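> Next comes the sequence, and after it the predicted model I'd like to discuss.
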Amino acid sequence: MSDHLIPFACAGRVVLVGAGPGAVDLLTLRAARALASADVVIHDGLVSDEIMALLPADARRISVAKRRARHTLSQPAIGDLLVAEALAGHVVVRLKGGDPFIFGRGGEEVDACRAAGVPVDVIPGISSAQGAAAAVQMPLTHRDHASIVSFVAGECRGLAEQNWVGLAGPGRTLVIYMGLSGAHQIAEKLMADGLTPETPVAVIERATRDDQRLFRTLLADLGGIIARAKVESPALIVIGHVATLGVPDTVLHQLVEAVPCPLS
């Protein structure tokens, strides 16, 4: 259902809005319009303070931020909340970091609204992977280095049983969301599947924001650099030769002593 069929001001509806990777000026115009019309904003923990500042002063804000091993609400409960607020006659904006349909559980929330007969719309956002790559000028595909890019969730259910063979390697780029806590296991999994320990990797933290950081190292040191640099969410892991591209390094990165690459 598109916004020209159901105006944003129409009461009793849900709008899933992608907030993008963090920088406020990377919001789409349609997303900004939706925020301005909101009666209730149900947001996750990855939305930047600058974007939250755009919300109407009288809009109710409900945080459903998810952290590892600590969820404020289960996913079914979030769906129930969206439906209840819309049925009460409110314009409900579900505000998510990145894009709602890329590891944002947007599909489950659309299903909940449809099952309850609640009008629902989806406004895409610049994905975290696109935003992070652009912020450090690191192309995820490149004619000389990678013609395939894959996205995976590092905290997805049954990680150990998943088959990642072929997702990374020569000519391929692998982008891992939510992979910080399991970085050691992810590196071991990929090496067991055939990647060499010397495969280039990059970790991009708080991409597009003023305090963004970039780290480069090798696959065998992935967990080590995250621990030493105390990298925190939101952050993405890029695996493949494209991880060597982008903003120039000012310091030689070695396997055992990778250091942050300053971003100017």
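Great, that's in hand.

> Disregarding flanking residues, what is the spatial nearest neighbour of Thr196?
Nearest residue to Thr196, sequence neighbours excluded (CB to CB, 6 or more residues apart in numbering): Leu219, at 7.3 Å. No exception for glycine: its C-beta is placed from N, CA and C like everyone else's.

> give the contact list for the one you found.
Counting by CB atoms under 8 Å, 6 or more residues apart in numbering, Leu219 touches 187, 190-191, 195-201, 239.

> among these, which are in helices?
If you go by DSSP state H, those have 187, 190-191 in helices.

> Switch those residues over to CSV; also include distance to Gly179.
Formatted as CSV, the ones in helices among the contacts of Leu219 follow (distance: CB to CB, whole Å):
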residue, distance to Gly179
Ala187, 10
Leu190, 11
Met191, 15
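
> Spatially central residue in the protein, please.
Nearest to the mean C-alpha position of the chain, by CA atoms, centre = their mean, lies Ser128 at 4.1 Å.

> burial of the residue nearest to Val165 when sequence neighbours are not counted, as a residue count?
Of all residues not flanking Val165 in the chain, Asp193 sits nearest, at 4.9 Å (CB to CB, 6+ apart). Neighbourhood size, Asp193 [other CB atoms under 10 Å]: 14.

> Now Asp193: phi and psi?
Dihedral pair for Asp193: phi -90, psi 0, per degrees, to the nearest 10.

> Secondary structure class of Leu180, three-state.
At Leu180 the chain is in coil, as set by DSSP: H, G, I helix; E, B strand; the rest coil.

> show me the contacts for it.
Per CB under 8 Å, 6+ apart, neighbours of Leu180: 154, 226, 231-233, 235, 237.

> quick revisit: so of the contacts of Leu219, which ones are in strands?
Cross-referencing the contacts of Leu219 against strands under DSSP state E gives 200-201, 239.

> just the residues you listed now: which is nearest Asp210?
Asp210 lies nearest to Val201 out of the ones in strands among the contacts of Leu219, by CB to CB, at 24.2 Å.

> From Val14, how far out is the nearest residue to Ala36 once chain neighbours are set aside?
Nearest non-adjacent residue to Ala36, counting by CB to CB, 6+ apart: Pro56, 6.5 Å away. Pro56 sits 17 Å away from Val14, taking CB to CB, to the nearest Å as the criterion.

> Mind checking which of these two has more residues around it?
Using other CB under 10 Å as the criterion, Pro56 and Val14 rank with Val14 on top: 26 against 12.

> so which helix or strand takes in the more buried one?
Using DSSP states H and E, Val14 sits in strand 13-18.

> Give the other helices and strands that that strand contacts.
helix 29-36, helix 75-87, strand 91-96, helix 106-115, strand 120-123 (3 or more CB pairs under 8 Å, 6 or more residues apart in numbering; DSSP states H and E).

> where's the first one relative to the chain centroid, distance-wise?
It stands for helix 29-36. Centre-to-centre, helix 29-36 and its host chain are 20 Å apart (CA atoms, centre = their mean, to the nearest Å).

> Using PDB, write out every CA atom in it.
The C-alpha coordinates for helix 29-36 follow below in PDB (Å, rounded to 0.1, in the frame of the first residue of the first chain):
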ATOM      1  CA  LEU A  29      12.200  12.800   2.100                       C
ATOM      2  CA  ARG A  30       9.300  10.300   2.400                       C
ATOM      3  CA  ALA A  31      10.700   9.100   5.800                       C
ATOM      4  CA  ALA A  32      11.000  12.700   7.000                       C
ATOM      5  CA  ARG A  33       7.300  13.300   6.100                       C
ATOM      6  CA  ALA A  34       6.200  10.200   7.900                       C
ATOM      7  CA  LEU A  35       8.100  11.200  11.100                       C
ATOM      8  CA  ALA A  36       6.400  14.600  11.000                       C
END
